[in-house]
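*Asks:* When you get a sec, could you give me coordinates for this:
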Amino acid sequence: MVAAFLFILTLVVAVAWVAYAGMMHRPALPEDAARILGMGKQDKIAVIYVEGQMVSDKSTDAAAGSAFSSDVVKAMRAATDDPDVKAIVLRVNSPGGTPVAAEEIISQMKKTRAVKPIVVSMGDIATSAAYYISSQADRIVANPDTFTGSIGVIWVFKNKSKYYDEGGVSFYVAKTGNYKDLGSDWRGLTPGEKEYVNAIIEESYNRFVENVAKGRNLSVEDVRKIADGRVFTGATAKKMGLVDELGGLYDAVALAKSLGNIKGRAVIAYMNEPAAK
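*Replies:* Modelled structure (predicted):
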């Protein structure tokens, strides 16, 4: 029951994402960028993909093309522990995901940033929870037409009581507390339940806004002005201070190379696959 009502920091476009996920491919990098599988000592820039709707792990009832935070964290830990990796690029192409998935990734990002710089490269979309994790990087590079922002929280409840009534379906609910069947689709929310869930949403929203403000070195007040669910292009987001530079994956790699103080040629180490199939 809990999983059915798990609220997610994501856009409605997540539905369209499922169809799109099958067409995703790894962006091309320069010829001197090689995929690494156990090469010798050489300065590396790790590329880690966060593509698809973010969920916590593979046990979740997730759609194909999801980004599992467990995989992202595992890849980030490997890059953090590798002494040859001098900087990390997170390639984010996601409409958002669950709060748990976002917080798990952010927790590891904080540990990694203590020893190595992280640059986010935004793809077609990096909204809601995907922007949340992006805001915690050292730098963000977005395409001018990247869809980003959508700072906000949504929790949807279905009320199919009329449908059940018309079908002659009735329910007897044995429960041990007034809130135990909260969100069940055979009834709507009571006024008290609406107040309760709105308080939860507000708590998550405040944490979202405060962490974005801290990550982007903005005031909480300024973030609240734009944290109303609106989506922005990368170009507009740059003007707002939500991203740092405009460009693609190669530009993010070049920035990571600079932040990692890599002299000369660097090798690109792909730490994971773009998305779960």
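*Asks:* Tell me which residues of stretch 71-86 come out buried.
*Replies:* For stretch 71-86, the neighbour count (16 or more other CB atoms under 10 Å) marks Asp71, Val72, Val73, Ala75, Met76, Ala79, Thr80, Asp84, Val85, Lys86 as buried. (Glycine included, C-beta is placed from N, CA and C.)
*Asks:* what do you get for stretch 188-196?
*Replies:* By neighbour count with 16+ other CB under 10 Å, stretch 188-196 contains the buried residues Leu189, Glu193.
*Asks:* who touches that stretch?
*Replies:* Phe157, Asn159, Ser161, Asn178, Tyr179, Leu182, Gly183, Val197 (CB atoms under 8 Å, 6 or more residues apart in numbering).
*Asks:* Recalculate using a threshold of 6 Å.
*Replies:* Residues outside stretch 188-196 that contact it (CB atoms under 6 Å, 6 or more residues apart in numbering): Asn159, Leu182.
*Asks:* again, but for stretch 214-224
*Replies:* Stretch 214-224 has contacts (CB under 6 Å, 6+ apart) with Ser135, Gln136, Val209, Glu210, Val212, Ala213, Gly241.
*Asks:* now, the most widely separated pair of these?
*Replies:* Using CB to CB, those reach their maximum pairwise distance at Glu210 and Gly241, which is 15.7 Å.
*Asks:* Using CSV, lay out the buried residues of stretch 71-86 together with distance to Ala101 and pLDDT.
*Replies:* As requested, the buried residues of stretch 71-86 are exported to CSV (distance: CB to CB, whole Å; pLDDT from 0 to 100):
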residue, distance to Ala101, pLDDT
Asp71, 11, 92
Val72, 8, 95
Val73, 10, 96
Ala75, 14, 95
Met76, 13, 96
Ala79, 19, 96
Thr80, 19, 97
Asp84, 28, 94
Val85, 23, 96
Lys86, 27, 97
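*Asks:* Of those residues, which belong to helices?
*Replies:* Under the assignment DSSP state H, the buried residues of stretch 71-86 contribute Asp71, Val72, Val73, Ala75, Met76, Ala79, Thr80 to helices.
*Asks:* now these in JSON lines, with distance to Leu246?
*Replies:* JSON lines is the format used below for those (distance: CB to CB, whole Å):
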{"residue": "Asp71", "distance to Leu246": "29"}
{"residue": "Val72", "distance to Leu246": "25"}
{"residue": "Val73", "distance to Leu246": "29"}
{"residue": "Ala75", "distance to Leu246": "26"}
{"residue": "Met76", "distance to Leu246": "25"}
{"residue": "Ala79", "distance to Leu246": "25"}
{"residue": "Thr80", "distance to Leu246": "28"}
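*Asks:* Of these, which is the nearest to Ser150?
*Replies:* Each of those was scored against Ser150 by CB to CB, and Val72 proved nearest at 19.9 Å.
*Asks:* on that earlier part again, could you pick out the buried ones from the contacts of stretch 214-224?
*Replies:* Of those, these count as buried by 16+ other CB under 10 Å: Ser135, Gln136, Val209, Val212, Ala213.
*Asks:* Just to be sure, the third one is in a helix?
*Replies:* Yes. Secondary structure of Val209, determined by DSSP: H, G, I helix; E, B strand; the rest coil: located in a helix.
*Asks:* Contacts only, for it.
*Replies:* Per CB under 6 Å, 6+ apart, neighbours of Val209: Val223, Arg224, Ala227.
*Asks:* The same query, at a cut-off of 8 Å, please.
*Replies:* Ile151, Val220, Val223, Arg224, Ala227.
*Asks:* Can you select the buried ones from those in ChimeraX?
*Replies:* Buried members of those, defined by 16+ other CB under 10 Å, are picked up in ChimeraX with:
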select :151,223,224,227
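*Asks:* Which strand or helix spans Val92?
*Replies:* Element membership of Val92, judged by DSSP states H and E, is strand 85-94.
*Asks:* Which strands and helices lie in contact with that strand?
*Replies:* If contacts are counted by 3 or more CB pairs under 8 Å, 6 or more residues apart in numbering; DSSP states H and E, strand 85-94 sits against strand 44-51, helix 69-81, strand 118-127, helix 129-134, helix 249-259.
*Asks:* Would you mind putting the CA coordinates of the last one into PDB?
*Replies:* When you say that, I think you mean helix 249-259. C-alpha atoms of helix 249-259 as PDB (Å, rounded to 0.1, in the frame of the first residue of the first chain):
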ATOM      1  CA  LEU A 249      29.100  16.900 -22.300                       C
ATOM      2  CA  TYR A 250      32.400  17.700 -23.800                       C
ATOM      3  CA  ASP A 251      32.300  21.200 -22.200                       C
ATOM      4  CA  ALA A 252      31.500  19.600 -18.900                       C
ATOM      5  CA  VAL A 253      34.500  17.200 -19.300                       C
ATOM      6  CA  ALA A 254      36.800  20.100 -20.100                       C
ATOM      7  CA  LEU A 255      35.600  21.900 -17.000                       C
ATOM      8  CA  ALA A 256      36.100  18.800 -14.900                       C
ATOM      9  CA  LYS A 257      39.600  18.500 -16.200                       C
ATOM     10  CA  SER A 258      40.300  22.000 -15.100                       C
ATOM     11  CA  LEU A 259      38.800  21.600 -11.700                       C
END
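*Asks:* Cool, thanks, signing off.
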